[in-house]
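In: What would the 3D arrangement of this be:
(2 chains)
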Amino acid sequence: MTRTRRGGAVTLTLPWPVWVPAVVGFGLIAVPVAGLVLRTNWPDFGALVTTPAALDALWLSLRTGLVSTALCLLLGTPLALVLARSDLPGLPVLRSVVLLPLVLPPVVGGLTLLFLLGRTGPIGQLLDAWFGITVPFSTEAVVIAQTFVAMPFLVVSLEGALRTAGERYEVVAATLGASPLTALRRVTLPVVLPGLVSGSVLAFARALGEFGATIAFAGNLQGTTQTLPLLIYIQSQNDLDGAVAMSLVLVVVAVVVIVATRTRDVSGVR
Amino acid sequence: MTALTAALALAVTACGSSGDQQPARTLTVSAAASLTDVYNALKPSFEQADPGTTVVFNFGGSDTLAQQVVQGAPADVLATASTRTMQTAQQAGRIAGEPVTYASNRLQIAVQPGNPEQVTGLASLVGPQVTESVCAPAVPCGAATEAAERAANVMLDPVSEEQDVRSVLQRVQTRNVDAGLVYVTDVRSAGGQVQGVDFPQASAQGAAQDYLIGAVAGRPDADLADRWIQFVTGPQGDAALQRAGFTLR
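Out: Residues are numbered from 1 along each chain as shown, chains lettered A, B, ... in the order given. This next block holds a predicted model:
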């Protein structure tokens, strides 16, 4: 990188070979989304995105996405701490298991959940016999599927943040007499807060767009398990205008969430 | 240079000598996914009767196949699982002559073997005692399900509306639902894993699904396409279709 002196201040300039692939990469993502905007039936847009099915799906997606993100935080934060700070034997194996949902096709994840928690699955059978609970085809199943695919995003971001931050502040806190729990609460978590926020945003975005695991495990029923991506897919079979309009709603929700939290995230770092 | 000429001459001769035999011809058939087993079973005897001919299949959803033919996909025969999709290709001027309606598929209620919930018709599925899964109304099998519901004057309460009929079958096979509305051919394909229950409204207007076949217009091997159509709609084709659970027309 080159440093340019401008009125005494030093600014970093990106070398020119960075720009061309950056523009191509941006275009690869932005152009199809722009195509979505062009393909939208604007005169009927309002009617298309306010059908009862569309509103049910949007509301369900927001609700399940938020609950899944909360679950990811609750379970993923300790998991990231174990991966980054503990000296358990076999950590690399543990880490690769945690990352599996990133590699697995989501439908496979959904099927494995179905085989485990379905009516004839080893756990599903017990739940059915003891409590009369059927997990598939319920809103809870949507949350489980979303948490399954979204959790690695939070764990990876947070583990990265924990490793970058290092242990020196925690060591200082310990020498000053802080208990491990106090050090975690007062030192570690505040230091990695930006990583926690960006990890949560990633997890929420992934949960919002979740399709394969949900349709395989939770099924598809308006108001109960039909999230926005499921409705868009089903709708695309015979009503492309409706599917495109709802896709745009999904894009807008995702952009709003990412922009809102990213801005705060950056100011938090400063 | 001379070596190259010699090699070329040799290659030309080689080509010429193979031309003395039957010319190798390929017939491309775009067919609805539900015909996969039947068509694959018919392929060997057709190829045997017509040495040098290879039949290649392009299986998929009828809507997709019709769109592909309209866009000029190199298919010689189009076999759809609905009248509407065949009309799409016809209206675009892509079908030579009149397509033939040769078979139909009707809905059946797939239940666990032995029918433990004693399902006898659509009305037995209503209520929380019997859980069922159906196709979403937006897909063809879902439209057929809605037509049957209207004819029976019954409102089903499915736990899930699947994106295709095979997913409904999978729910019953894995015993996550008690019953599912699928086609007779799907029940047959599942072997003994599910049992099919007939119900009268399966033959109601809009509930049965017609199978049409037509030759694609403007293709070089039109005679070959016609032979395949005759073969599929002839005695051997009929037997294979019936074995799979189709109703002949």
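
In: so for the lengthiest strand in chain B, what's the average pLDDT?
Out: Identified as the longest strand of chain B according to DSSP state E is strand B:95-105. The average pLDDT within strand B:95-105 is 95.

In: For it, list every residue counted as buried.
Out: Using 16 or more other C-beta atoms under 10 Å in any protein chain shown as the test for burial, strand B:95-105 gives B:95, B:96, B:99, B:100, B:102, B:103, B:104, B:105. C-betas here are computed from N, CA, C, even on glycine.

In: Checking the nearest residue to residue B:146 once chain neighbours are set aside next. Helix, strand or coil?
Out: Using C-beta to C-beta, 6 or more residues apart in numbering or on different chains and skipping the chain neighbours, the partner closest in space to residue B:146 is residue B:137 (5.5 Å). The three-state label given to residue B:137 by DSSP: H, G, I helix; E, B strand; the rest coil is coil.

In: Residue B:137 reaches residue B:163, doesn't it?
Out: No - Residue B:137 is beyond contact range of residue B:163, at 11.5 Å (criterion: C-beta atoms under 8 Å).

In: just to revisit the earlier point, the longest strand of chain B: partners in the sheet, and parallel or antiparallel?
Out: strand B:209-216 (antiparallel), strand B:247-248 (antiparallel) (DSSP bridges).

In: what's the pLDDT at the residue in the stretch 101-250 of chain A positioned nearest to chain B?
Out: Taking C-beta to the nearest C-beta as the measure, the point where the stretch 101-250 of chain A comes nearest chain B is residue A:219, at 2.8 Å. For residue A:219, the pLDDT comes out at 93.

In: Look up how far residue B:174 lies from it.
Out: In this view, residue A:219 and residue B:174 are 12 Å apart by C-beta to C-beta, to the nearest Å.

In: Tell me which of those two has more neighbours.
Out: Applying other C-beta atoms under 10 Å in any protein chain shown to residue A:219 and residue B:174 shows that residue A:219 carries more neighbours, namely 28 against 17.

In: Surely that one is within a strand?
Out: No - according to three-state DSSP, residue A:219 belongs to no strand; its state is coil.

In: Got the phi and psi for it?
Out: phi 80, psi -170 (degrees, to the nearest 10).

In: Setting aside sequence neighbours, what's the nearest residue to it?
Out: residue B:160 (2.8 Å).

In: and that neighbour, what is it in contact with?
Out: Counting by C-beta atoms under 8 Å, 6 or more residues apart in numbering or on different chains, residue B:160 touches A:137, A:218, A:219, A:220, A:221, A:225, B:133, B:171, B:177.

In: what sits against the third one?
Out: It refers to residue A:219. Contacts for residue A:219 (C-beta under 8 Å, 6+ apart) come out as A:136, A:137, A:141, A:225, B:133, B:159, B:160, B:161, B:162, B:171.

In: can you put those residues in JSON lines and add secondary structure?
Out: Compiled in JSON lines, the contacts of residue A:219 are given as follows (three-state DSSP):
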{"residue": "A:136", "secondary structure": "coil"}
{"residue": "A:137", "secondary structure": "coil"}
{"residue": "A:141", "secondary structure": "helix"}
{"residue": "A:225", "secondary structure": "coil"}
{"residue": "B:133", "secondary structure": "strand"}
{"residue": "B:159", "secondary structure": "coil"}
{"residue": "B:160", "secondary structure": "strand"}
{"residue": "B:161", "secondary structure": "strand"}
{"residue": "B:162", "secondary structure": "strand"}
{"residue": "B:171", "secondary structure": "helix"}
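
In: Going by neighbour count, which of those are buried?
Out: Here, 16+ other C-beta under 10 Å leaves A:136, A:137, A:141, A:225, B:133, B:159, B:160, B:161, B:162, B:171 buried among the contacts of residue A:219.

In: And those residues, which is closest to residue A:259?
Out: Comparing the buried ones among the contacts of residue A:219 against residue A:259 with C-beta to C-beta places residue A:225 closest, at 28.9 Å.

In: Wait, the closest one touches residue A:139, no?
Out: Yes - in this structure, residue A:225 is within contact of residue A:139 by C-beta under 8 Å, at 6.5 Å.

In: now, among the contacts of residue B:160, which is nearest to residue A:42?
Out: The closest of the contacts of residue B:160, once distances to residue A:42 are taken by C-beta to C-beta, is residue A:220, at 28.0 Å.

In: got the phi/psi numbers for the closest one?
Out: According to degrees, to the nearest 10, residue A:220 has phi -140, psi 100.

In: residues touching it, list them.
Out: Residues near residue A:220 by C-beta under 8 Å, 6+ apart: A:226, A:230, A:234, B:136, B:160, B:161, B:162, B:163.

In: Could you list the low-pLDDT ranges of the stretch 1-150 of chain A?
Out: A:1-8 (pLDDT under 70).

In: Highest mean neighbour count out of the strands paired with strand B:95-105?
Out: Most buried of the strands paired with strand B:95-105 by mean neighbour count (mean count of other C-beta atoms under 10 Å in any protein chain shown) is strand B:209-216; its value is a mean of 23.

In: And the next helix or strand after that strand, what's buried?
Out: For strand B:209-216, the succeeding helix or strand toward the C-terminus, using DSSP states H and E, is helix B:222-233. Using 16+ other C-beta under 10 Å as the burial criterion, the residues of helix B:222-233 that qualify are B:224, B:225, B:227, B:228, B:229, B:231, B:232, B:233.

In: what bridges to the residue in chain B positioned nearest to chain A?
Out: Per C-beta to the nearest C-beta, residue B:160 is where chain B lies closest to chain A, at 2.8 Å. Residue B:160 forms beta bridges with residue B:133, as assigned by DSSP bridges.

In: Show me which residues of the stretch 51-200 of chain A sit near chain B.
Out: A:114, A:115, A:118, A:119, A:120, A:134, A:136, A:137 (C-beta under 8 Å from any C-beta of the partner chain).

In: Most neighbours among those residues, please name it.
Out: residue A:136 leads these on contacts (other C-beta under 10 Å) with 28 neighbours.

In: wait, isn't it in contact with residue A:118?
Out: Yes - counting by C-beta under 8 Å, residue A:118 is a contact partner of residue A:136 at 5.5 Å.

In: Name the nearest residue to residue A:204, ignoring sequence neighbours.
Out: Closest to residue A:204 by C-beta to C-beta, 6+ apart is residue A:69, at 4.4 Å.
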